[in-house]
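A.B. asks: Test case, fold it:
(one chain, ligands or ions: 1)
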Amino acid sequence: MIGKESEGVKAELLVFGANCLFCGVEHNCQFWELVAVTINPPLGAHTHYIHTRTHSLPRLLYSFLSASLPLFPRSLSGALLILKPLGSNPVTYPVPALLSLKTSISVACFSVSSPYTINLLDRFEGCPFSSSEILKEKMTQQNVVVSDPKSGINMAITVAVSNSSIFTTSVQKPPAAQGGYISISRKKFLKNLEINGLGGARINAWVDSMRASSPTHVKSNSTPSLADDHHSSWIVRHPSALDMFEEIIDASKGKQIVMFLDYDGTLSPIVEDPDRAFMSDAMRKTVRKLARCFPTAIVSGRCRDKVYNFVRLAELYYAGSHGMDIKGPTTSSKYNQDSEAILFQPATEFLPMIDEVYQQLVEKTKSTPGAIVENNRFCVSVHFRCVDEKKWSELAHQVRSVLKGYPKLRLNQGRKVLEIRPIIKWDKGNALEFLLDSLGFANCTDVFPVYIGDDRTDEDAFKKLRDRGQGFGILVSKFPKDTCASYTLQEPDEVMDFLQRLVDWKRLSLRAHSRV
Ligand SMILES: O=P(O)(O)OC[C@H]1O[C@H](O[C@H]2O[C@H](CO)[C@@H](O)[C@H](O)[C@H]2O)[C@H](O)[C@@H](O)[C@@H]1O
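C.D. replies: Numbering: from 1, shown residues only. Model prediction:
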């Protein structure tokens, strides 16, 4: 079973395989290997890349599906097939039932049994095999039926599961990246950079990850129409929170909205000097109004004092150092009568170690022009935004040489920054949960948390919301990225517009309420 029918969970099926989805044969199109099918996007809101390359099949599939969407019943908003390049890591956001299979799903087809009966596979022209033949031939079968409780439609999904990738024997090595888009494969964008291990190989992985860390432009050799397709399909799955404002408000009806805001890249634009990442007065004013309407927290990778000095609003909750330093408001308001009591620091024992590492990193990296080491109290950031790309490998070596002596620290990567922090299992997602509990929403079903952020570490919070099945995340990005957020906003200015709309809506609804 995929998802929990009773809770109306949207179904999503990930399909991995090296062979053609439709005929099961390995065509001469070694550029793709993975297909994800998302049913009911964008509400399913699972993110994957379309990483189409030179072969025309991906485009064909995409046009085929776009043409099929109008045939779907209204409540079934569609299905998307997403392709990944051969050899890349599979995206790991399957619904829990699929996750627990701990196996790769090699190839699949699905059909939608409804009054409209659409079998995508059979409708594909030129497919020499029927779905069942492929599946019988290639793998063990597992049939999954998903009901869409709203539409009363049963979707029969046939998933073929194999413990080893049955197609890998004839699979060639992935081609070197060519054409394409600004997509960051999970392989390239390592969430936790490995500190020890094989020297050269590891450093290369770091540098690859550093390169992928902050896409700012479409690669010059990309094919514009494919890039457009990629971007539009990403937007379909992660629509603008401004465009979807009414839907968002509908979803929050009867629930208490709680706002969580990242700082850098969300409330303030990204700038070269981390000490000059100021927030505009207009943004400050908007956040102040927001906090009068909803409990509001700032969740940042920065040291709490520093982010407070940028924001300067005493009525907010602050979670600094990626959530490892949480403090309630220092002035009371409607939402925080005894919040001053809140202070949570789960990593205090690491303070001396972080200090020591900070000093060593400053010393070690001082020969690399442009490198900035920032002490974020419970974590340290090494910025490489202003370091010449030719020097990135040198910087990676320097950082690794320091970290080798500290097995209790780990390294993550943000936007042109290496972030070092204690190995403890505490992230922005835990901070969000902690704050919700502190606000009195533990085990509450009528709370609607909204988290807005732009960076990798914000994904922990997006994922937490998705796992809780409450509220949603909004990713601030102009470019397609792998994300657990449901919606997007392009830049801090759009964040401000969105917050202002929330404020206006709240004021209007309070007025309407008081008239009744
Ligand atoms: O969780 P966040 O609040 O988003 O913190 C993540 C990092 O943000 C800051 O760095 C980023 O913004 C800088 C200023 O615009 C920019 O120069 C840098 O390249 C970005 O990575 C902060 O300085 C870091 O310490 C945080 O780790």
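A.B. asks: May I ask which helix or strand encompasses the residue nearest to residue 387 when sequence neighbours are not counted?
C.D. replies: Taking C-beta to C-beta, 6 or more residues apart in numbering as the measure, residue 387 lies nearest to residue 370, with 4.0 Å between them; neighbours along the chain are not counted. (Glycine included, C-beta is placed from N, CA and C.) For residue 370, there is no enclosing helix or strand under DSSP states H and E.
A.B. asks: Give me the neighbour count for residue 242.
C.D. replies: 17 (other C-beta atoms under 10 Å).
A.B. asks: Got the phi and psi for it?
C.D. replies: Main-chain torsions, residue 242, degrees, to the nearest 10: phi -70, psi -40.
A.B. asks: Tell me which residues touch it, please.
C.D. replies: By C-beta atoms under 8 Å, 6 or more residues apart in numbering, the residues touching residue 242 are 489, 494, 497, 498, 501.
A.B. asks: Which parts of the helix or strand hosting the second one count as buried, going by neighbours?
C.D. replies: If you go by DSSP H and E, residue 494 is part of helix 492-515. The neighbour-count check on helix 492-515 (16 or more other C-beta atoms under 10 Å) flags 492, 494, 495, 496, 498, 499, 500, 502, 503, 505, 506 as buried.
A.B. asks: could you measure the third one against the ligand, distance?
C.D. replies: As defined by C-beta to the nearest ligand atom, to the nearest Å, residue 495 lies at a distance of 12 Å from the ligand.
A.B. asks: quick one: that residue and residue 452 touch, right?
C.D. replies: Yes: in this structure, residue 495 is within contact of residue 452 by C-beta atoms under 8 Å, at 5.9 Å.
A.B. asks: what is in contact with those two at once?
C.D. replies: By C-beta under 8 Å, 6+ apart, residue 495 and residue 452 have these common neighbours: 261, 266, 474, 476, 489.
A.B. asks: Do the helix or strand that contains the third one and the ligand come into contact?
C.D. replies: In this case it means residue 474. Per DSSP H and E: residue 474 is located in strand 472-476. No: no part of strand 472-476 sits close enough to the ligand to count as contact by C-beta under 6 Å from any ligand atom; the gap is at least 9.6 Å.
A.B. asks: what helices or strands is that strand leaning on?
C.D. replies: strand 447-453, helix 458-468, strand 487-489, helix 492-515 (3 or more C-beta pairs under 8 Å, 6 or more residues apart in numbering; DSSP states H and E).
A.B. asks: Any chance of CSV for those, columns mean pLDDT?
C.D. replies: Formatted as CSV, the helices and strands packed on strand 472-476 follow (pLDDT from 0 to 100):
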stretch, mean pLDDT
strand 447-453, 97
helix 458-468, 93
strand 487-489, 95
helix 492-515, 92
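A.B. asks: would you turn these into CSV with distance to residue 280?
C.D. replies: Listed next are the helices and strands packed on strand 472-476 as CSV, based on distance: least, C-beta to C-beta, whole Å:
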stretch, distance to residue 280
strand 447-453, 16
helix 458-468, 21
strand 487-489, 16
helix 492-515, 8
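A.B. asks: Now the terminal residues of stretch 478-495, how far apart.
C.D. replies: The first and last residues of stretch 478-495 sit 12 Å apart, counting by C-alpha to C-alpha, to the nearest Å.
A.B. asks: Show me which positions of that stretch end up buried.
C.D. replies: 479-489, 492, 494-495.
A.B. asks: need the contact list for residue 444.
C.D. replies: Residue 444 touches residue 436, counting by C-beta under 8 Å, 6+ apart.
A.B. asks: count of residues packed around residue 437?
C.D. replies: By other C-beta under 10 Å, the residues close to residue 437 number 12.
A.B. asks: Wait, a helix at it?
C.D. replies: Yes: counting by DSSP: H, G, I helix; E, B strand; the rest coil, residue 437 is part of a helix.
A.B. asks: interface residues of the stretch 251-400 of the chain facing the ligand?
C.D. replies: Taking C-beta under 6 Å from any ligand atom as the criterion, the neighbours of the ligand within the stretch 251-400 of the chain are 262-265, 270-272, 274, 277, 300-302, 374, 376, 381, 383, 385.
A.B. asks: Below-threshold pLDDT in the stretch 101-250 of the chain: ranges please.
C.D. replies: Across the stretch 101-250 of the chain, residues meeting the criterion (pLDDT under 70) sit at 101-201, 213-230, 232.
A.B. asks: where along the stretch 301-450 of the chain do the strands fall?
C.D. replies: Counting by DSSP state E, counting those that start in this stretch, residue ranges of the strands within the stretch 301-450 of the chain are 317-320, 325-327, 343-344, 372-375, 380-383, 409-414, 417-422, 447-453.
A.B. asks: Can you redo the ones you listed as a markdown table, where the extra columns are mean neighbour count?
C.D. replies: Formatted as a markdown table, the strands of the stretch 301-450 of the chain follow (neighbours: other C-beta atoms under 10 Å):
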| stretch | mean neighbour count |
| --- | --- |
| strand 317-320 | 26 |
| strand 325-327 | 23 |
| strand 343-344 | 13 |
| strand 372-375 | 19 |
| strand 380-383 | 24 |
| strand 409-414 | 21 |
| strand 417-422 | 24 |
| strand 447-453 | 25 |
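A.B. asks: right, so of those, which gets closest to residue 510?
C.D. replies: Shortest distance between residue 510 and the strands of the stretch 301-450 of the chain, using C-beta to C-beta, is found for strand 447-453: 16.4 Å.
A.B. asks: Outside of the closest one itself, list whatever touches it.
C.D. replies: Residues lying outside strand 447-453 but in contact with it, judged by C-beta under 8 Å, 6+ apart, are 248, 251-252, 255-262, 265-266, 299, 428, 432, 436, 441, 458, 461-462, 465, 470-476, 485, 489, 495, 498.
A.B. asks: What count of nearby residues applies to the residue nearest to residue 387?
C.D. replies: By other C-beta under 10 Å, the residues close to residue 370 number 14.
A.B. asks: Could you verify my assumption that residue 209 touches residue 413?
C.D. replies: Yes: applying C-beta under 8 Å, one finds residue 209 in contact with residue 413, separated by 5.6 Å.
A.B. asks: and the closest residue in space to residue 465 that isn't next to it in sequence, how many neighbours?
C.D. replies: What sits nearest to residue 465 in space, not counting adjacent residues and going by C-beta to C-beta, 6+ apart, is residue 471, at 5.1 Å. Residue 471 is surrounded by 26 other residues when neighbours are defined as other C-beta under 10 Å.
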